[in-house]
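> Predicted model and sequence below, questions to follow.
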Protein chains: 4
Amino acid sequence: MQEVKLGLEALKAFLDAEFPQVAEEFEILSVAPMRLRVALRVSERHLRPGGTVSGPTMFALADVGVYLAVLAMVGPKALAVTTSCSIDFMRKPPADKDLLADVEVLKLGRVLAVGDVRIFARGAEERPVARASLTYSIP
Amino acid sequence: MQEVKLGLEALKAFLDAEFPQVAEEFEILSVAPMRLRVALRVSERHLRPGGTVSGPTMFALADVGVYLAVLAMVGPKALAVTTSCSIDFMRKPPADKDLLADVEVLKLGRVLAVGDVRIFARGAEERPVARASLTYSIP
Amino acid sequence: MQEVKLGLEALKAFLDAEFPQVAEEFEILSVAPMRLRVALRVSERHLRPGGTVSGPTMFALADVGVYLAVLAMVGPKALAVTTSCSIDFMRKPPADKDLLADVEVLKLGRVLAVGDVRIFARGAEERPVARASLTYSIP
Amino acid sequence: MQEVKLGLEALKAFLDAEFPQVAEEFEILSVAPMRLRVALRVSERHLRPGGTVSGPTMFALADVGVYLAVLAMVGPKALAVTTSCSIDFMRKPPADKDLLADVEVLKLGRVLAVGDVRIFARGAEERPVARASLTYSIP
């Protein structure tokens, strides 16, 4: 099993540097080899009328999650780029709970990495609101 | 061939009502049976460091595009919900051009609609920056 | 948690009846609420030159797996239809090992079911050769 | 616009050599820069009970189509490998018509190629039975 090259504090610093416009929205909760958990602090800007978190917001959460999980494994040398994503929206997330994303890196190749994400509302892990798979190319 | 139930002006009114937080970012350019073109007015908030439009922004453009194209066909009675999306990011979009999304509705069933989207920078239609397919459920 | 409506023996009978052309290729190993494991007995017809299991074969395994997992939960009354699939091929499967598919049903709605699949060679669970997500419509 | 490196006859020879088990099922109809049309000769083995072409068969058609379209552009030097596919099944194909796949290569990069596919029954082009997008890695 490969080891983590960037730990929790180093990742937080990277998030601040790479995604300054959105860094405050996300909170990295834990990192382990090939795994990472990140939370989205849901606020007004993420909501759709009707009181549910928007699709693009959940996409952004999955995207950031896999980016960070890959970065944790390959270290700060690489700037990975998303090449594809498939996402299923399965339930309406509540507007008053933060969202958690559990990321698992399934493949960490020389040129491609694949990550799997389950998104759920805090406190309701057994009923995911979305799942996503993302491929990153590693230049 | 089914006819359009909501024309350009009616769609613009709907966009303002349904997506008030983002309506100003999008400009519906044309609508025809099963087809729609919408532009994203790219601004600072859509960019990543390095000067490229972010993935979530392109996802949002594809999502809004299919939503509007389905709405144009089924009329204002239904509030469709995205159930899934697959998206491929193929080239880096320039930061200084608006993005256009060409939407084609491939299926308009009783419960599911499928739309296909090509996204490209204004003036460079032959080199799409992304493609996406979205499924909407029609309640 | 919902209970299984069709157990292992009932599912095997259904597989024989519904997919007679391919039933002998698959072996249902276990079934539990929202989960199922099925094996593909790899033979000459599944291989590509170079000695690896073909993509369509892995697609078929994922498709059958989710079909059976949904059937186990909803019972024999419904004939579900695949509406979409996203699949990532991550490693070359060896030609001389059977493939296992671990299926988890993430959503079991009134009209749509979503299943997640990990495929791996027997004895190498920690290195999946493919992952897939499938949506079934339940008429 | 890049030119075709392998024309119709050269592609047919490649199909026979690379996919000997399935070559007789497919008929390459035309090839042009970044575009290709291929037919599947539907027979008993492709059908599901109820008289419709199986999902894995349509997946195989899309997969072969993009493989051939990429090969036409890059020439015989490379053996591309499918890394991912998203496919939407939109209508039931009739059992008594051959299926046609129209392939468009949207990206032909140094390491990744992306192809888009529309599948329809011969004579019913305006109502696609499926659409698919596939990514191939080019070693």
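Sure thing, it's come through.
> which residues sit against the lowest-mean-pLDDT helix or strand in chain A?
Ranked by mean pLDDT, DSSP states H and E, the weakest helix or strand in chain A is strand A:47-48, scoring a mean of 79. Surrounding strand A:47-48, the residues in contact under the criterion CB atoms under 8 Å, 6 or more residues apart in numbering or on different chains are A:Val53, A:Ser54, A:Ala95, B:Phe19. C-beta: built from backbone N, CA, C; applies to glycine.
> Give me the sheet partners of it and which way each runs.
Strand A:47-48 has the following strand partners under DSSP bridges: strand A:52-53 (antiparallel).
> immediately after the strand it pairs with, which helix or strand?
Moving toward the C-terminus from strand A:52-53, the next helix or strand (DSSP states H and E) is helix A:55-74.
> Do any residues in that next one lie close to chain C?
No: counting by CB under 8 Å from any CB of the partner chain, chain C is not contacted by helix A:55-74; separation bottoms out at 12.3 Å.
> And whichever helix or strand A:Tyr136 is part of, what does it pack against?
Per DSSP H and E, A:Tyr136 falls inside strand A:130-137. Strand A:130-137 is packed against helix A:55-74, strand A:81-89, strand A:112-121, strand C:81-89, strand C:130-137, with contacts defined by 3 or more CB pairs under 8 Å, 6 or more residues apart in numbering or on different chains; DSSP states H and E.
> Partner strands of the fourth one and their direction?
Strands adjacent to strand C:81-89 in the sheet, as given by DSSP bridges, are strand C:130-137 (antiparallel), strand D:81-89 (antiparallel).
> and the following helix or strand past the longest one, which strands flank it?
Going down the chain from strand D:81-89, the next helix or strand is strand D:99-108, by DSSP H and E. Looking at strand D:99-108 with DSSP bridges, its partner strands are strand D:35-40 (antiparallel), strand D:112-121 (antiparallel).
> can you list contacts of strand D:99-108?
Here strand D:99-108 has contacts from B:88, B:90-91, B:118, B:128, B:131, D:2, D:29, D:34-40, D:42, D:53, D:58, D:61-62, D:65-66, D:68-70, D:73-74, D:93, D:113-122, D:125, D:129, using CB under 8 Å, 6+ apart.
> Kindly format the C-alpha coordinates of it as PDB.
Output of strand D:99-108 as PDB, limited to C-alpha atoms (Å, rounded to 0.1, in the frame of the first residue of the first chain):
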ATOM      1  CA  LEU D  99     -28.100  -1.400 -35.900                       C
ATOM      2  CA  LEU D 100     -26.000   1.500 -37.200                       C
ATOM      3  CA  ALA D 101     -23.400   3.400 -35.200                       C
ATOM      4  CA  ASP D 102     -22.400   6.900 -36.200                       C
ATOM      5  CA  VAL D 103     -19.100   7.700 -34.500                       C
ATOM      6  CA  GLU D 104     -17.500  11.100 -34.200                       C
ATOM      7  CA  VAL D 105     -14.000  11.500 -32.600                       C
ATOM      8  CA  LEU D 106     -14.300  14.700 -30.500                       C
ATOM      9  CA  LYS D 107     -10.700  14.700 -29.200                       C
ATOM     10  CA  LEU D 108      -7.600  13.000 -30.500                       C
END
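> And it, how far out from the chain middle?
7 Å (CA atoms, centre = their mean, to the nearest Å).
> Show me the shaky parts of chain A.
A:1, A:77-79 (pLDDT under 70).
> Let's check: the centremost residue of it is which one?
Centroid-nearest residue in chain A, with CA atoms, centre = their mean: A:Gly65, separated by 1.7 Å.
> My guess is that one contacts A:Ala39. True?
No: using CB atoms under 8 Å, A:Gly65 makes no contact with A:Ala39, being 9.8 Å away.
> my guess is A:Phe14 is in a strand, correct?
No: counting by DSSP: H, G, I helix; E, B strand; the rest coil, A:Phe14 is not part of a strand but helix.
> Touching, it and A:Ala69? I think so.
No: the criterion here is CB under 8 Å, and A:Phe14 misses it with A:Ala69 at 12.0 Å.
> Let me see the contact set for A:Pro33.
Neighbours of A:Pro33 in contact, by CB under 8 Å, 6+ apart: A:Met1, A:Gln2, A:Glu3, A:Val4, A:Met73.
> And the residue of chain A that's closest to chain C?
Nearest residue of chain A to chain C: A:Ser86, at 3.5 Å (CB to the nearest CB).
> That residue pairs with what?
Bridge pairing for A:Ser86 - DSSP bridges - gives A:Ser133, B:Ser86.
> I figured it hits C:Ala132, correct?
No: look at A:Ser86 against C:Ala132 with CB under 8 Å: they stay out of range, at 9.6 Å.
> which residues do these two both contact?
What both A:Ser86 and C:Ala132 touch, as defined by CB under 8 Å, 6+ apart, is the set C:Ser86.
> could you measure the closest residue to A:Pro49 other than its chain neighbours against C:Pro49, distance?
Once flanking residues are discounted, A:Pro49 sits nearest to B:Glu18: 6.5 Å by CB to CB, 6 or more residues apart in numbering or on different chains. To C:Pro49, B:Glu18 is 53 Å away according to CB to CB, to the nearest Å.
> And A:Lys97, by the same measure?
From A:Lys97 to C:Pro49 the distance is 52 Å (CB to CB).
> Between these two, point out the one with more neighbours.
Neighbours were tallied for A:Lys97 and for C:Pro49 using other CB atoms under 10 Å in any protein chain shown; the higher tally belongs to A:Lys97 (15 against 12).
> which residues touch the residue nearest to that one when sequence neighbours are not counted?
Of all residues beyond its chain neighbours, the one nearest A:Lys97 is A:Ala121 (4.1 Å), with distances taken as CB to CB, 6+ apart. Neighbouring residues of A:Ala121 by CB under 8 Å, 6+ apart: A:Pro93, A:Pro94, A:Lys97, A:Asp98, A:Leu99, A:Leu100, A:Val129.
> who's A:Ala121 bridged to?
A:Leu99.
> what about it, distance to A:Leu99?
6 Å.
> Give me the neighbour count for A:Leu29.
Counted with other CB under 10 Å, A:Leu29 comes out at 13.
> Quick one: list the elements packing against the helix or strand hosting it.
For A:Leu29, the host element (DSSP H and E) is strand A:26-32. Using 3+ CB pairs under 8 Å, 6+ apart, the elements in contact with strand A:26-32 are helix A:8-18, strand A:35-40, helix A:55-74.
> got the angle for it vs helix A:8-18?
In terms of direction (axes from the mean of the first three to the mean of the last three CA atoms, to 10 degrees), strand A:26-32 departs from helix A:8-18 by 140 degrees.
> how about strand A:26-32 as CSV, C-alpha atoms only?
Coordinates of the C-alpha atoms in strand A:26-32 are reproduced here as CSV (Å, rounded to 0.1, in the frame of the first residue of the first chain):
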residue,chain,number,x,y,z
PHE,A,26,-14.6,23.0,2.1
GLU,A,27,-13.2,21.3,5.2
ILE,A,28,-10.9,18.4,4.9
LEU,A,29,-11.8,16.0,7.7
SER,A,30,-9.4,13.1,7.3
VAL,A,31,-6.9,11.6,4.9
ALA,A,32,-5.5,8.0,4.7
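> Touching, A:Val74 and A:Ile138? I think so.
Yes: assessed by CB under 8 Å, A:Val74 is found in contact with A:Ile138 at 6.5 Å.
> ok, back up a step: now the contacts of A:Ala121: which count as buried?
A:Pro93, A:Pro94, A:Asp98, A:Leu99, A:Leu100, A:Val129 (16 or more other CB atoms under 10 Å in any protein chain shown).
> Taking the residues you listed, tell me the two that lie furthest apart.
The span of those, defined through CB to CB, is set by A:Pro94 and A:Leu100 at 12.7 Å.
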